[in-house]
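Engineer: Predicted model, plus sequence, below.
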Amino acid sequence: MSSNSRPKGIVVFSGGSAANNLVDVFKKVREDKKCPLSYVIPISDNGGSSSELIRVFGGPGIGDVRSRLVRLIPDDPDHDDSEKAAIKVFFNHRLPKDAHAAKTEWYQIVEASHPLWANISTAKKELIRSVLNMINFEILKRLRPSSAFDFSGASIGNLFLTGGRLFTGSFESAIYLLSSICSVPSHTSVLPAINTNFTNHISAGLADGTIITGQNSISHPSVSTPLEGAIVTHDEETEAHDSIEDANMPGTLPALRKQYITFSKDDEEDLPARIERIWYINPYGQEVRLSANPKVLEKLGDAQAVIYSIGSLYTSIIPSLILKGVGQAIANPAIRYKILILNSTTDRETGPSSSPFSALDFIAAIAKACTESRVPVSATPTGKSEHRSYVTHLIHLQGPGTPKVDKEELEKLGIETFKVYGRRNEGENFVRYDEKALIQSLEMVLGRRDPRAERSRRNTLEG
């Protein structure tokens, strides 16, 4: 088949955990369209066990990349593949939260005496173990009186991916190694938004002028760290961090050095005002404009559809959109379908609760991010009339807590809406997408008509 007749791909912008629930949906749509599928994942997360890896080793936030790669391990219902199941459990495993117990279990893993190794072949076990032993050696090398690695709650997959990056000197190669071990199909790729060996943090500017530094502080309740004076005065907190020998440069903002190993996603308090803008910063808090991973731009250049998946709008989706080149690539009219799968509820980033985001607010935030990413900026379009350059279709749920959708207003902007009926699990106070209904809606948007599904479509979908 010539390159001209090869089907164009689908590019999905997403974070980690939320969009993992839709992997089977995107897999089915890819199979129906017989085309490549690419996931674009941000690398700015500085929370959880990733924060300790960043503190000691530097480098990108890898948790969401690891999560997606492991989620893509294929399930074959016709064959009992115990090794694939074991590898999935292995790379998703987290060490205990108690520091002493975590360190003890870690040594059981690197010494190959842990039950997690059961059902993993010798060849793969020794390959995996060699990388883990390598990262263990690096941990010991970096041990200082002022700084020791904390294994509490550490993800084995994150440790492996970091070890692979340090061993090869290439984040891309580490992803390839984990993809190969996880048997991720060649037609599906997981691309970091930035291909880098460096740490890249984000800041958020709120409508009231507040600046919040670091993704974890944006997503979860914490005291915001203002930039004013934090660098030049070297206050007591900065000096205290400067006395710790780790991967952070002296004078780095304290908010970017802290361990965020434990935090709660429950009962998140509102931000004092709406988020207006997200940007990347260097370790001292100065704004920097970064270019997207060239492979991301390549996939966008050969895409028939872009999908903005469910997840945190400002910390999972927008960090990928503001990178140089992304907005211009998405605005290309050759990409016919630009689909936003609207979240089923609002969160800390899309509040406050007294004034939650509507569907139009979500679309406007995406359009603004894409516009800011374009070069030259002066040549970029602005205003509601240009929203359709970045979003052509909206898929949404209806029910308690779902964002407001003004269908008529969106239609005036040239954005088609599809209401999908969802489901609610026992004990949950929000609606979830039904996989079958979401697949049908995506197939309708992308032009596939399955006569067998036509009879049931009225029960699951309204266009």
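Structural biologist: Structure received. Fair warning: this is a prediction, and the values are worked out from it, not measured in the lab.
Engineer: What is the burial count for the nearest residue to A331 once chain neighbours are set aside?
Structural biologist: Distance criterion C-beta to C-beta, 6 or more residues apart in numbering; nearest residue to A331, sequence neighbours excluded, is S389 at 4.5 Å. Where C-beta positions appear, they are placed from N, C-alpha and C, glycine not excepted. For S389, the count of nearby residues is 20 (other C-beta atoms under 10 Å).
Engineer: Now do the contacts for S389.
Structural biologist: Neighbour list for S389: I330, A331, A367, C370, P381 [criterion: C-beta atoms under 8 Å, 6 or more residues apart in numbering].
Engineer: where in the stretch 251-400 of the chain is pLDDT low?
Structural biologist: Applying pLDDT under 70 to the stretch 251-400 of the chain picks out residues 261-268, 375-382.
Engineer: how about the strands in it?
Structural biologist: Secondary structure of the stretch 251-400 of the chain by DSSP state E, counting those that start in this stretch: the strands cover 275-281, 287-288, 303-308, 337-341, 393-396.
Engineer: Can you lay out these as CSV showing mean neighbour count and distance to V23?
Structural biologist: Listed next are the strands of the stretch 251-400 of the chain as CSV, based on neighbours: other C-beta atoms under 10 Å; distance: least, C-beta to C-beta, whole Å:
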stretch, mean neighbour count, distance to V23
strand 275-281, 19, 25
strand 287-288, 10, 32
strand 303-308, 24, 12
strand 337-341, 23, 13
strand 393-396, 24, 17
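Engineer: In JSON lines: those, plus distance to R142.
Structural biologist: Formatted as JSON lines, the strands of the stretch 251-400 of the chain follow (distance: least, C-beta to C-beta, whole Å):
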{"stretch": "strand 275-281", "distance to R142": "25"}
{"stretch": "strand 287-288", "distance to R142": "26"}
{"stretch": "strand 303-308", "distance to R142": "38"}
{"stretch": "strand 337-341", "distance to R142": "41"}
{"stretch": "strand 393-396", "distance to R142": "46"}
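Engineer: closest one to P36 among the ones you listed?
Structural biologist: Closest to P36 of the strands of the stretch 251-400 of the chain, according to C-beta to C-beta: strand 303-308, at 8.9 Å.
Engineer: relative to strand 337-341, how tilted is that closest one?
Structural biologist: 20 degrees (axes from the mean of the first three to the mean of the last three C-alpha atoms, to 10 degrees).
Engineer: Summarise which helices and strands strand 303-308 is packed against.
Structural biologist: strand 9-13, strand 337-341 (3 or more C-beta pairs under 8 Å, 6 or more residues apart in numbering; DSSP states H and E).
Engineer: Report the distance from stretch 387-401 to the chain centre.
Structural biologist: Centre-to-centre, stretch 387-401 and its host chain are 20 Å apart (C-alpha atoms, centre = their mean, to the nearest Å).
Engineer: ok, back up a step: quick one: which of the helices and strands packed on strand 303-308 is nearest I318?
Structural biologist: Nearest of the helices and strands packed on strand 303-308 (C-beta to C-beta): strand 9-13, 9.0 Å.
Engineer: average model confidence for that closest one?
Structural biologist: Strand 9-13 comes out with an average pLDDT of 98.
Engineer: Ok, stretch 123-133 next?
Structural biologist: Stretch 123-133 comes out at a mean pLDDT of 97.
Engineer: can you give me the helices in the stretch 301-450 of the chain?
Structural biologist: Listed in chain order, the helices of the stretch 301-450 of the chain (DSSP state H, counting those that start in this stretch) span residues 318-321, 326-331, 359-373, 407-412, 435-445.
Engineer: Determine which stretch of those helices is the most buried.
Structural biologist: The highest mean neighbour count among the helices of the stretch 301-450 of the chain, using mean count of other C-beta atoms under 10 Å, belongs to helix 318-321: a mean of 27.
Engineer: Mind giving me the packing neighbours of that one?
Structural biologist: strand 275-281, helix 326-331, helix 359-373.
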